[in-house]
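Student: From the sequence below, what's the structure:
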Amino acid sequence: MSEGLSTVRRSGFLLVSLAFVLTACGSATAEDPAATTAPSIPTQDVVSAVKADPALHAELPPSTTSLTLGTTLSPGTAGLPHGGTVDGKNVGVDVDLRDAVAKVLGITWTVQNGTFETIIPGVQNGKYDVGQDNFGVTAAREKVVDFATYLTDGQSFLGPADHGPGSVKTLQDLCGLTVATSPGSTFQQILTTGADKCAAAGKKPYTVQLFSDAAPIWLGLANGKVDVYFGPTLSLKYDETHVPNTKFLGQFSSTPVGFVTAKGSPVVKAVSDAVNKLIKDGDYARILGKWGVAGSGLPQSAVNPTPTL
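Tutor: Residues are numbered from 1 along each chain as shown. Here you go, the predicted model:
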């Protein structure tokens, strides 16, 4: 954190960030100035017109009418564009995509919320038929679950707009800084794997702090305890335009993102084929367009593509 940051500027950043967090948690009132600046959320219905495909439904185990989907609960708008909760309703590009997949397959989801670290183990032990939480395809994950890809996301950096590094695109750019990210994620994996790069360059190491919730990261950026947030590209680009005094610093890498199922489950091919049906019919483009992430679309869903991480 820059030594030149004044107490007033830190306090100001802290206040607007706190206002955002409160708004994101649904705590703002009509008298709260933050409520008047809350971002508008897309509301187009891009799912109701999606048609069921009996041939794809037949790929599921016989008599399947509902599947259990494990994910994490994202209160307020902090998890957008992937997922959030507005007026008690789950919204986001991930929500629209999974609902559209369910329409194609002629099923309903029984959605259960866990933590990021528990979703893949829950898929492995049969608690969930499908997991969805912006899981990037990695070699380690493909050893324990199958992937049906539905999006491309990246690993990027966000910081305060008025101080700190102006650009971060490599791990060496983080040397000497405190970096916040989520536990059990590809971001943690990248930071752990590359921890020796600063020493090799003769620089101070970076310090990693792990948080399961974004709210303490916003506060850490505000009060100087965190210099950089390492997270999903789509979310950080969304945050840059919605969280006061934040700046997108750069992207490190990108990877396909997918639904996950147990190894060998017949559900994975059905889900992948459903995504391809949405791509072919144009529904996929309409969903991504609604959330402003058309550039992150895949030309085709794949089962267990070759990992890049």
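
Student: Can I get whichever helix or strand L234 is part of in PDB, CA atoms only?
Tutor: Using DSSP states H and E, L234 sits in helix 233-242. Output of helix 233-242 as PDB, limited to C-alpha atoms (Å, rounded to 0.1, in the frame of the first residue of the first chain):
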ATOM      1  CA  THR A 233     -11.800 -11.600 -14.500                       C
ATOM      2  CA  LEU A 234     -15.500 -11.200 -15.100                       C
ATOM      3  CA  SER A 235     -16.300 -10.400 -11.500                       C
ATOM      4  CA  LEU A 236     -13.400  -8.000 -11.200                       C
ATOM      5  CA  LYS A 237     -14.300  -6.100 -14.400                       C
ATOM      6  CA  TYR A 238     -17.800  -5.900 -13.000                       C
ATOM      7  CA  ASP A 239     -16.600  -4.700  -9.600                       C
ATOM      8  CA  GLU A 240     -14.400  -2.000 -11.200                       C
ATOM      9  CA  THR A 241     -17.600  -0.400 -12.600                       C
ATOM     10  CA  HIS A 242     -19.700  -0.900  -9.500                       C
END
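
Student: Could I get the average pLDDT for that helix?
Tutor: On average, the pLDDT along helix 233-242 is 87.

Student: repeat for stretch 63-82
Tutor: The pLDDT scores in stretch 63-82 average 89.

Student: Go through that stretch and flag the buried ones.
Tutor: Residues 64, 67-72, 74-82 are the ones in stretch 63-82 that count as buried (16 or more other C-beta atoms under 10 Å). To be clear about C-beta, it is placed using only N, CA and C from the backbone, and glycine gets the same treatment.

Student: Regarding it, how distant is the last residue from the first?
Tutor: In stretch 63-82, first residue to last residue: 31 Å (C-alpha to C-alpha, to the nearest Å).

Student: Over to stretch 212-232?
Tutor: Start-to-end, stretch 212-232 (C-alpha to C-alpha) is 14 Å.

Student: Then stretch 291-300?
Tutor: Terminal residues of stretch 291-300 lie 19 Å apart, using C-alpha to C-alpha.

Student: Can you list the neighbours in contact with it?
Tutor: 42, 80-81, 92-93, 96, 149-153, 233-234, 256, 275-276, 279, 284-285, 288 (C-beta atoms under 8 Å, 6 or more residues apart in numbering).

Student: list the buried ones in it?
Tutor: For stretch 291-300, by 16+ other C-beta under 10 Å, it's W291, V293, S296, L298.

Student: Kindly confirm my reading that the last one is in a helix.
Tutor: Right, the one you point to is L298. No - with DSSP: H, G, I helix; E, B strand; the rest coil as the criterion, L298 is located in coil rather than a helix.

Student: if we can go back for a sec, the buried residues of stretch 63-82 in helices, which ones?
Tutor: Members of the buried residues of stretch 63-82 lying in helices (criterion: DSSP state H): none.

Student: Identify, from the residues you listed, the entry nearest to Q132.
Tutor: For the buried residues of stretch 63-82, the closest approach to Q132 (C-beta to C-beta) belongs to T71, at 5.1 Å.

Student: circling back: contacts for the helix holding L234 next, please.
Tutor: Contacts of helix 233-242 (C-beta under 8 Å, 6+ apart): 20, 39, 77, 79-82, 93, 134, 153-158, 229, 246-248, 251, 254, 293, 296.

Student: and what of stretch 172-182?
Tutor: For stretch 172-182, using C-beta under 8 Å, 6+ apart, the contacting residues are 1, 116, 157, 164-165, 167-168, 187-188, 191, 197-198, 201, 203-212, 216-217, 220-221, 225-231, 250.
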